[in-house]
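>>> I need the structure of the sequence given here:
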Amino acid sequence: MLGIKLNRQLLALGLLCAGSLISAESFWLFAGQSNMSEKGQSRAAFAVLKEKGQNAVPKMVSAQHDGKPIQFWYPDQRGGALLDAAFAKVGEGRLEAFIWQQAESNQGGWYYYAGELEQLVARIRKRSGHPELPVYLNQLGPRYRKEGNAQLKGLTQNKKTGHAHFRSFWDMGLMREVQRRAALADPHMHLVMTADLSIKDGGVHFDGQSHREIGRRVGELAS
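Model prediction:
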């Protein structure tokens, strides 16, 4: 009986979690494709905040799904539901940062990606009630094929979507440039550079050390 009474008191003070509800005052949302499944990023980012003297370190909430384009995160799609679930977990908490790492599945659509990203960020900011919400945009990793940078020679069209895709290789370079320009166009978006980091499988996944370095860079930008 005493334990139940104590728990109710703690809940009233916001010191105890009820179910999946996070009672923290603030949180960061980490979202995107499979690279976002690595929790080393958030740990490293929050460690930097602590080193910089920030006492109240936010909680981490994630919305991650493998191999999906940015359109997957529309409100009426599965990704939109994942974002809704992330917001639900924090209850009345306050979103203080949005960390986005995605674009691997939009390689052929680099020319429209900036507009899609702008719309996604606008929805997140509206949902959070924070019109100047800081966004940390993790760039794609340093993957190139030996074919070089003759990007426009291998284009083909996806008959189902109508979008152009690269037939012979992914062009990370063009998408990274799109991401760079998107960050320049938004005064509250910060680009997290990754071109000097390591990919563990020759594809798109960063190794553990690189994930931690990305998190450290996010923390530095945020502090």
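>>> tell me which residue is most central in this structure.
Per C-alpha atoms, centre = their mean, the C-alpha nearest to the average position across the chain is that of Trp100, at 1.9 Å.
>>> okay, strands next: where are they in this protein?
Using DSSP state E, the strands of the chain run over 26-32, 59-64, 94-101, 135-138, 155-157, 164-166, 189-192.
>>> okay, the ones you listed, which one's buried deepest?
Most buried of these, by mean neighbour count (mean count of other C-beta atoms under 10 Å): strand 135-138, with a mean of 24. In short, each C-beta sits where N, CA and C put it, glycine included.
>>> name the helices or strands packed onto that one?
strand 94-101, helix 110-128, helix 172-185, strand 189-192, helix 208-222 (3 or more C-beta pairs under 8 Å, 6 or more residues apart in numbering; DSSP states H and E).
>>> now the third one: buried residues?
Applying a neighbour-count criterion of 16 or more other C-beta atoms under 10 Å, the buried positions in helix 172-185 are 172-176, 178-179, 182-183.
>>> now those residues in CSV, with distance to Val57?
Output for the buried residues of helix 172-185, formatted as CSV (distance: C-beta to C-beta, whole Å):
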residue, distance to Val57
Met172, 32
Gly173, 35
Leu174, 36
Met175, 32
Arg176, 30
Val178, 32
Gln179, 27
Ala182, 28
Ala183, 25
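>>> how about low-confidence regions in this protein?
Counting by pLDDT under 70, the chain shows low-confidence ranges at 1-24, 143-171, 201-203.
>>> in the sheet, who's paired with the residue nearest to the centre of the chain?
With DSSP bridges as the criterion, Trp100 is bridged to Ala31, Leu137.
>>> would you confirm that it contacts Leu140?
No. Distance between Trp100 and Leu140: 11.7 Å, which falls outside the contact criterion (C-beta atoms under 8 Å).
>>> give me the nearest residue to Leu197, chain neighbours excluded.
Ser210 (3.8 Å; C-beta to C-beta, 6 or more residues apart in numbering).
>>> list the contacts of the one you found.
141, 194, 197-200 (C-beta atoms under 8 Å, 6 or more residues apart in numbering).
>>> and of the residues you listed, the nearest to Leu95?
Thr194 (23.6 Å; C-beta to C-beta).
>>> does the closest one touch Tyr136 like I think?
No. Here Thr194 lies out of contact with Tyr136, judged by C-beta under 8 Å, at a distance of 11.7 Å.
>>> in the sheet, who's paired with Met189?
Val135.
>>> how close does it get to Trp100?
9 Å (C-beta to C-beta, to the nearest Å).
>>> quick revisit: which two in the contacts of Ser210 are spaced the farthest apart?
Thr194 and Lys200 (13.2 Å).
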